[in-house]
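Chemist: coords please:
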Amino acid sequence: MYRISSSYVGMLVAMLQAEGLDAVRLCREAGIDMCLLAQEDAFFTRASAYRLMALAELDSDNPNLGLKAAVHFKPGSFQLVGYVMMSSANLKQALEHFVRFHLLLGNGVTLALSPEQGGRLRLTCLEHPEEGCPRNRAFEDAGAAALLGFCRWLMGGGLPQPLQFDFVHDEPGNLPEYQQLFGCSLRFGAQHTSVLFDQQELLRPLSTANEALALLHKRFAEFRLGQLGGVSLGGRVRGLIIERLGQEGCDMESIGLALCISKRTLQRGLEKEGLKFKDILGDVRRQSADYYLCRSSYSLTQVAEYLGFHDQSSFHKACLRWFGRSPGRYRLDEGEQSTPHEDVSDAAHQADDQCIDDIDEEAADQRNDNERLVRGSVALSNCRHVDDGRCS
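Modeler: Numbers count the residues shown, from 1 in each chain. Purely as a prediction, here's the structure:
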């Protein structure tokens, strides 16, 4: 059963009250105990929050009700996560912290911040489905509007101007209200909710930035994250690897530093859970490779870089180990015909993949030649192939 923090539900309730709705009755009908709204550590079921917004949408007779969250949002609605974001150096770092600590606001979703072509950065929300608990349009809109409102508050009201917003729900009848609020390209019926930014815009410093407070807030957020039931050390390590994959600071020592523990303490903690850092890293890489190869238009060189591999050879070997196929072949066999974020044609994909396959075949022929030359003088069993990715 997925849950949402009392602070976030409190923001929704405050919005409904400000819009003149009977929030007390709506909470009662949705199964939300309003006495718990003042308790910072309290959580509500995600299903009850969905019901609240569905009932409110019917009562208000306003299908665009969720967009009002941008007006009624308050920085305190994100509690500790909001404080970590406020003390960040810039909005990019704030969004990275949002991804890192979003479990403090609730579970049932996975957030990902990934680079795209042209110096852009996409924040994606992948919702985990729950039987008998369909997400409604008002709840999705409220989340998007609240996040945008917070980002603009952090930047002083004007920035950032998103480049694109994707929504899972169908295109609404009253589209101008969406266009006025988001001010960018809008797409509906997408697989996931996401927002696309110009990465340079996100690097502007925040007026609320404070390095000392940032360190204090991050340490406390890590502590609180560790206290949450069901959030294991392995899960926290996995989250940090996802956040840092393909960047500096993805090794065990750096991850331990981010968790405020030593490398040895991290290793022992993972061993108690029957885990190894190398296995977690490999699993994250494998799942990320599957996602990028099957559902993105990134070139194979870009995918290898995003996964933290120094060269195509290491990436190629890893794909053979994971999927039993080269990356180009895996993309051709398993990739979608089109994706919401696709920027190049299928023909370009096939040309790129065919080029990689040709390289694969040439490399295989070269290996066979080398084996024939050394057979009889060198035992092939002594050969070792080692991945030399940056995250090791």
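Chemist: use CA for all of it now, contacts and neighbours both
Modeler: Fine.
Chemist: quick one: the strands in the stretch 1-150 of the chain, in order.
Modeler: 3-5, 43-45, 109-116, 120-127 (DSSP state E, counting those that start in this stretch).
Chemist: which residues touch the last one?
Modeler: Pointing back at strand 120-127 there. 108-116, 192-199 (C-alpha atoms under 8 Å, 6 or more residues apart in numbering).
Chemist: and if we set it to 10 Å?
Modeler: 92, 95-96, 99, 107-116, 135, 144, 162-166, 191-202 (C-alpha atoms under 10 Å, 6 or more residues apart in numbering).
Chemist: could you do the second one as well?
Modeler: With contact meaning C-alpha under 10 Å, 6+ apart, strand 43-45 is reached by 1-9, 31-33, 36-37, 104-107.
Chemist: which stretches of this structure have low pLDDT?
Modeler: 157-159, 229-231, 336-392 (pLDDT under 70).
Chemist: and the gap between the most centrally placed residue in it and residue 276?
Modeler: Nearest to the centroid of the C-alpha atoms of the chain, with distances taken as C-alpha atoms, centre = their mean, sits residue 112, at 1.2 Å. According to C-alpha to C-alpha, to the nearest Å, residue 112 stands 23 Å off from residue 276.
Chemist: again, but for residue 293
Modeler: Distance, residue 293 to residue 276, using C-alpha to C-alpha: 26 Å.
Chemist: between those two, which one's more packed in?
Modeler: When residue 293 and residue 276 are compared for neighbours, residue 293 comes out ahead with 23 against 16, by other C-alpha atoms under 10 Å.
Chemist: what is the three-state secondary structure of the nearest residue to the more buried one once chain neighbours are set aside?
Modeler: Nearest in space to residue 293, with sequence neighbours left out and distances taken as C-alpha to C-alpha, 6 or more residues apart in numbering, is residue 331 at 5.2 Å. Per DSSP: H, G, I helix; E, B strand; the rest coil, the secondary structure class of residue 331 is helix.
Chemist: buried subset of the contacts of strand 43-45?
Modeler: 2-9, 31-32, 37, 104-107 (16 or more other C-alpha atoms under 10 Å).
Chemist: among these, which pair sits farthest apart?
Modeler: 31 and 104 (21.6 Å; C-alpha to C-alpha).
Chemist: with distance to residue 62 added, can I get the strands of the stretch 1-150 of the chain in TSV?
Modeler: Below are these laid out as TSV (distance: least, C-alpha to C-alpha, whole Å):
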stretch	distance to residue 62
strand 3-5	24
strand 43-45	24
strand 109-116	26
strand 120-127	24
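Chemist: tell me which of those sits most buried.
Modeler: Per residue and on average, the most neighbours among those fall to strand 3-5, with a mean of 21 (mean count of other C-alpha atoms under 10 Å).
Chemist: return the distance of the residue lying closest to residue 115 once chain neighbours are set aside relative to residue 195.
Modeler: The shortest distance from residue 115 to any non-neighbouring residue, by C-alpha to C-alpha, 6+ apart, is to residue 121 (4.5 Å). Using C-alpha to C-alpha, residue 121 is found at 8 Å from residue 195.
Chemist: one more: residue 332?
Modeler: 28 Å.
Chemist: neighbour count winner among these two?
Modeler: A direct count of neighbours by other C-alpha under 10 Å for residue 332 and residue 195 places residue 195 higher, at 22 against 17.
Chemist: can you pull the phi/psi pair for the more buried one?
Modeler: phi -130, psi 140 (degrees, to the nearest 10).
Chemist: state the distance from it to residue 123.
Modeler: For residue 195, the distance to residue 123 - C-alpha to C-alpha - is 5 Å.
Chemist: same check on residue 44?
Modeler: For residue 44, the distance to residue 123 - C-alpha to C-alpha - is 25 Å.
Chemist: before we move on, what about residue 179?
Modeler: Taken as C-alpha to C-alpha, the span from residue 179 to residue 123 is 19 Å.
Chemist: what does residue 33 give?
Modeler: Going from residue 33 to residue 123 by C-alpha to C-alpha gives 32 Å.
Chemist: for residue 272, same thing?
Modeler: For residue 272, the distance to residue 123 - C-alpha to C-alpha - is 33 Å.
Chemist: again, but for residue 185
Modeler: Distance, residue 185 to residue 123, by C-alpha to C-alpha: 15 Å.
Chemist: do the same with residue 171
Modeler: Applying C-alpha to C-alpha to residue 171 and residue 123 gives a distance of 20 Å.
Chemist: which residues are contacting stretch 179-187?
Modeler: Contacts of stretch 179-187 (C-alpha under 10 Å, 6+ apart): 67-68, 70-71, 144-145, 148-149, 161-171, 175-178, 193-196, 340.
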